[in-house]
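J.: Here you go, sequence then predicted model.
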Amino acid sequence: MKLALIALVLCAASVPLSALAADAPSDLDRAKESFKAGATAYAAGDYLAAIQALDAAYRLTPLPAIAFSLAQAHRRQYFVDHERDHLDRSIALFRQYIELAPTGSRRADALDALSQLEPLAASQLKAPVAGAPASNAEVARRTRVLVTTDAPGARLVFDHGPATASPLIHEVEPGKHHVRVEAPGFFPMERDLTAVPGELTAVPIVLRERPSTLGIWTPRDADIYIDGSYLSPGGEAVMVQLSSGKHRLAIGQKGHRVELRDVTMERGKAQSIRVELEQTPQRVTSQVLFMAGGASLGASLLFSTFAIRAENRAEDFLGQRESRNVTAAELTSYNNSILDRDRLQIAGGVSLLASAGLFITGLFLHELDQPNPQLLYRTGQRPGGDPLPRAPEAPKAQLKLAPTFFANGLGAMLGGTF
């Protein structure tokens, strides 16, 4: 019973310890952060800060690549202050790199550096340079902060001092400090940090980008697509917030060509675009068919009017024949009226049929004239690298108009698939 109780207590105690271990960064993660801070300080020309950060990384993970970078930092610092301890440390680290990585990619660079540094060290044996190595190590182990940001044009204000560019490297007193970061097109950020005694505290700051605003003026019946995705209906002054960089703008409207624009947005700035859409040939054709259908309908009415007049003349002749004798000329006129009536009726019917066919065909062309989805939903990559949605297949429409003869007249059959 006691053993079971002890095991239960140990299990309960192990839960928070494992949770804390999971939350704590590993030596490899800490070494990566220190190495990145050292590389930033090295690029900025602060070799003492670089030595401090790279040395911390090397103590955590003694890899050949870190040894080479630390040797380079000591080498550069030696040519700044000509202190012997930097020279000795650089030679030792270059030799260690060659030993640990005999086939390393920087072996030739290490050998070249040794050929330069070792004669300097040998010459200084006869005339040693004054100076205490311990004091140099103490300088390298001073308390420093390294504040960086990737925002272009950023200005960093440390403890209410003058604004400087990134990276900011300061020797400071251990304890609390304050930094403010500003950059054009980004929201400013303020942050408190704690400087660890004898350490280089790296503080990377990521600024949040201000959105860019795009104003779009389009016809009201249009649809707006951004980077292959539907955004909103068109209209006057449609305001869209976008990230900086390039975007693909597509405006689609039924019966009009798709308008494509490549827009480059700048951080925190506004742009405006006015889009006028051009009608498609199919829409123009449908309008021509509507006008032709209207003209054909007018011709049908005109033929019908003339046919009624011819019918009236024929009926007048029949009425006159019942009341008196008619002449041969009047009989001939009657026969011509009957012939004209029949011809005009046929012409009116054909015109009416043609009008119906033209109207129906124009209606189909008008309704099926949709924007090309291959342009609205462009396949490929968004600026951020995400794939765009695939375009849906365009509807396929086929129309067939065929004349049909009946026992008492002429007709037509219209069919199609869509």
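T.: Done, it's in. Numbering: from 1, shown residues only.

J.: Please make it C-alpha for all contacts and neighbour counts, starting now.
T.: Fine.

J.: low-scoring pLDDT stretches of this structure, where are they?
T.: Along the chain, the parts satisfying pLDDT under 70 run over 1-25, 125-140, 378-418.

J.: can you list the domains in it?
T.: What the record gives for the chain is the domain set 26-139, 149-205, 212-274, 281-368+388-417, from automatic domain parsing.

J.: so how far is the first one off the chain centroid?
T.: I take that to be domain 26-139. 43 Å (Cα atoms, centre = their mean, to the nearest Å).

J.: and if you look at stretch 171-184?
T.: Centroid displacement of stretch 171-184 relative to its chain, using Cα atoms, centre = their mean, is 34 Å.

J.: Show me which residues of it are buried.
T.: By neighbour count with 16 or more other Cα atoms under 10 Å, stretch 171-184 contains the buried residues 172, 173, 174, 177, 179, 180, 181, 182, 183.

J.: which phi and psi does the fifth one have?
T.: The phi/psi pair for residue 179 (degrees, to the nearest 10) reads phi -140, psi 140.

J.: ok, what's across the strand from it?
T.: Taking DSSP bridges as the rule, residue 179 bridges to residue 158, residue 191.

J.: now swap in residue 241 and tell me
T.: Beta-bridge partners, per DSSP bridges, of residue 241: residue 213.

J.: what about it, neighbour count?
T.: Counted with other Cα atoms under 10 Å, the neighbours of residue 241 add up to 14.

J.: Output the domains of the chain in a markdown table; the columns should cover distance to residue 377.
T.: Formatted as a markdown table, these follow (distance: least, Cα to Cα, whole Å):
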| stretch | distance to residue 377 |
| --- | --- |
| domain 26-139 | 41 |
| domain 149-205 | 30 |
| domain 212-274 | 4 |
| domain 281-368+388-417 | 5 |
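
J.: Sketch out the helices for this structure, chain order is fine.
T.: Counting by DSSP state H, the segments of the chain that form helices are 2-23, 27-44, 47-60, 64-81, 84-100, 107-126, 133-140, 281-323, 328-367, 373-376.

J.: Show me the contact partners of the fifth one.
T.: Contacts with helix 84-100, where a contact means Cα atoms under 8 Å, 6 or more residues apart in numbering, come from 64-65, 67-68, 70-75, 77-78, 104, 107, 110-111, 113-114, 117-118, 121, 129, 131, 133, 136.

J.: Please apply the same query to the fourth one.
T.: Residues from elsewhere that reach helix 64-81, judged by Cα under 8 Å, 6+ apart: 35, 42, 47-48, 50-51, 54-55, 57-58, 84, 86-87, 89-94, 96-97, 100-101, 106, 110.

J.: Those residues, buried ones only, as a PyMOL selection?
T.: Restricted to buried positions by 16+ other Cα under 10 Å, the PyMOL selection for the contacts of helix 64-81 reads:
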select buried, resi 35+42+47+48+50+51+54+55+57+58+84+86+87+89+90+91+93+94+96+97+106+110
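
J.: and stretch 74-89, C-alpha only, in PDB?
T.: Only the C-alpha atoms of stretch 74-89 are listed here, as PDB (Å, rounded to 0.1, in the frame of the first residue of the first chain):
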ATOM      1  CA  HIS A  74      37.900  36.800 -33.300                       C
ATOM      2  CA  ARG A  75      40.000  37.300 -36.400                       C
ATOM      3  CA  ARG A  76      38.100  40.500 -37.300                       C
ATOM      4  CA  GLN A  77      38.200  41.800 -33.800                       C
ATOM      5  CA  TYR A  78      42.000  41.300 -33.600                       C
ATOM      6  CA  PHE A  79      42.500  43.500 -36.600                       C
ATOM      7  CA  VAL A  80      40.400  46.100 -34.800                       C
ATOM      8  CA  ASP A  81      42.100  46.200 -31.400                       C
ATOM      9  CA  HIS A  82      45.200  44.000 -32.000                       C
ATOM     10  CA  GLU A  83      44.700  42.200 -28.700                       C
ATOM     11  CA  ARG A  84      46.700  38.900 -28.600                       C
ATOM     12  CA  ASP A  85      43.900  36.800 -27.000                       C
ATOM     13  CA  HIS A  86      41.700  37.300 -30.000                       C
ATOM     14  CA  LEU A  87      44.500  36.200 -32.300                       C
ATOM     15  CA  ASP A  88      45.200  33.000 -30.200                       C
ATOM     16  CA  ARG A  89      41.500  32.200 -29.900                       C
END
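
J.: Let me know whether residue 28 touches residue 59 as I believe.
T.: No: using Cα atoms under 8 Å, residue 28 makes no contact with residue 59, being 10.8 Å away.

J.: Select, out of the helices of the chain, the one closest to residue 243.
T.: Of all the helices of the chain, the one in closest proximity to residue 243, counting by Cα to Cα, is helix 373-376 (20.0 Å).

J.: so what secondary structure elements neighbour that closest one?
T.: If contacts are counted by 3 or more Cα pairs under 8 Å, 6 or more residues apart in numbering; DSSP states H and E, helix 373-376 sits against strand 245-252.

J.: Filter the contacts of helix 84-100 down to just the buried residues.
T.: Buried members of those, counted by 16+ other Cα under 10 Å: 64-65, 67-68, 70-75, 77-78, 107, 110, 113-114, 117.

J.: Near residue 69, how many other residues are there?
T.: Number of residues near residue 69 (other Cα under 10 Å) recorded here: 24.

J.: Also residue 289?
T.: A count of neighbours around residue 289, defined by other Cα under 10 Å, yields 22.

J.: Please apply the same query to residue 220.
T.: Using other Cα under 10 Å, residue 220 is surrounded by 11 other residues.

J.: repeat for residue 190
T.: Residue 190 has 13 nearby residues by other Cα under 10 Å.

J.: Residue 232 too?
T.: Neighbour count of residue 232, defined by other Cα under 10 Å: 13.

J.: Who is the residue lying closest to it once chain neighbours are set aside paired with across the strands?
T.: Spatially, and ignoring its direct neighbours in sequence, residue 232 is nearest to residue 224 (5.5 Å; Cα to Cα, 6 or more residues apart in numbering). With DSSP bridges as the criterion, residue 224 is bridged to residue 232, residue 251.

J.: Hmm, residue 224 is touching residue 230, no?
T.: Yes: taking Cα under 8 Å as the definition, residue 224 is a contact partner of residue 230 at 6.2 Å.

J.: From residue 194, how far off is the closest residue to residue 183 other than its chain neighbours?
T.: Closest residue to residue 183 apart from its sequence neighbours, by Cα to Cα, 6+ apart: residue 154 at 4.1 Å. From residue 154 over to residue 194 the distance is 22 Å, taken as Cα to Cα, to the nearest Å.
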